[in-house]
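Undergrad: Any chance you can model this:
(2 chains)
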Amino acid sequence: MTLTRRSTFALGLGLPLMLVTRPLFASPETMGAAIATFTAGATPAEGRVSLDIPLLVENGNSVPMTVEVDSPMTANDHVTEIAVFNERNPLPDIVRFRPSPALGLARFQVRIRLGDTQKITAIARMSDGSLWSAAMTVIVTAPACIES
Amino acid sequence: MADVLVNIPESAAPGEIIEIKLLISHPMETGFRPLADGTLQPRDIITSVRCLYGGETVLEVDLHPAISANPFLAFHLRVDRSDEIVLEWTDWYGEVQREVRQIEVV
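TA: Numbers count the residues shown, from 1 in each chain, chains lettered A, B, ... in the order given. Okay, the predicted model is just below:
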């Protein structure tokens, strides 16, 4: 094959594609995909879920998070599942809760890791099948997963 | 076997919503942490926690590597009878550990 000006250009355009490697971190797209799997493609309504995380986090290795869903938690009307997602950790999932109405109150606290400043999304599925969500952006000054 | 702190009130009034707190001593190794030789420290996390009240499952939690080392969990439970409260968790290797407490509802 002779190297014409045209084929040299084609080669130059193709090279960067070969250098693309698998990204280490999740992205807003992978979070979107994880959410779509959870919601089976439906779009959750905003509200009923409250997400409480400090707005500014110094240490991403241990961040207190409270998620609460406004629900009477009765046999006929309760939360069946809550899922929390992130955009920029290596994996989009953080935690899932499957409460029974016996809890009486749908409020959960855990401590999470945040690899970067990012948006956190919580989605609740109710016993009637409806989906509700809350999202917030958390600024992280010293992210998790930096030091080895 | 991990050290664990469980905080459940010993007694409550009927219908009261109590708070249950669980703190497990565990590294929650993410599987993304590089070692000096360039390989990754294998993942070792607690994958799920379950709470049973009188033998009935009242809460299941799935944990992912984004949960901090020494996982902490707090939730609520409406108690209407004296019974056993069991907290049970499973690690990456399928090993199950459980803590049992008795609550008096008077």
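
Undergrad: Contacts only, for residue B:27.
TA: B:44, B:69 (CB atoms under 8 Å, 6 or more residues apart in numbering or on different chains). Backbone N, C-alpha and C define where each C-beta goes, glycine included.

Undergrad: what about 6 Å?
TA: Residue B:27 makes contacts with residue B:69, as judged by CB atoms under 6 Å, 6 or more residues apart in numbering or on different chains.

Undergrad: And residue B:100, by the same measure?
TA: Here residue B:100 is in contact with B:84, B:86 (criterion: CB under 6 Å, 6+ apart).

Undergrad: so which helix or strand takes in the closest residue to chain A within chain B?
TA: As assessed by CB to the nearest CB, chain A sits closest to residue B:78 within chain B, at 2.9 Å. Remark: residue B:78 resides in strand B:72-79, with elements defined by DSSP states H and E.

Undergrad: name the helices or strands packed onto that strand?
TA: Strand B:72-79 sits against strand A:107-112, strand B:16-24, with contacts defined as 3 or more CB pairs under 6 Å, 6 or more residues apart in numbering or on different chains; DSSP states H and E.

Undergrad: contacting residues around it?
TA: In contact with strand B:72-79 (CB under 6 Å, 6+ apart) are residues A:103-105, A:107-111, B:12, B:16-23, B:59, B:103, B:105.

Undergrad: before we move on, back to that, for my notes, please list the helices and strands packed on strand B:72-79 in TSV and give mean pLDDT for each entry.
TA: What follows is those, written out as TSV (pLDDT from 0 to 100):
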stretch	mean pLDDT
strand A:107-112	96
strand B:16-24	96
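
Undergrad: Need the winner for burial among those.
TA: Mean neighbour counts were taken over the helices and strands packed on strand B:72-79 using mean count of other CB atoms under 10 Å in any protein chain shown, and the top value, a mean of 21, falls to strand A:107-112.

Undergrad: How about that one and chain B, touching?
TA: Yes. Strand A:107-112 is in contact with chain B by CB under 6 Å from any CB of the partner chain, via A:107, A:108, A:109, A:110, A:111, A:112.

Undergrad: can you put those residues in CSV and add distance to residue A:59?
TA: Formatted as CSV, the residues of strand A:107-112 next to chain B follow (distance: CB to CB, whole Å):
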residue, distance to residue A:59
A:107, 24
A:108, 21
A:109, 17
A:110, 16
A:111, 11
A:112, 12
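
Undergrad: Tell me the one among the residues you listed nearest to residue A:133.
TA: residue A:108 (15.5 Å; CB to CB).

Undergrad: What's opposite the closest one in the beta bridge?
TA: Note on residue A:108: beta-bridge partners residue A:67, judged by DSSP bridges.

Undergrad: how far away is the residue of chain A found nearest chain B from residue A:73?
TA: Relative to chain B, the nearest point of chain A is residue A:104 (2.9 Å; CB to the nearest CB). Using CB to CB, to the nearest Å, one gets 5 Å for the distance from residue A:104 to residue A:73.

Undergrad: Partner strands of the strand holding residue B:78 and their direction?
TA: When DSSP bridges is applied, strand B:72-79 pairs with strand A:107-112 (antiparallel), strand B:16-24 (antiparallel).
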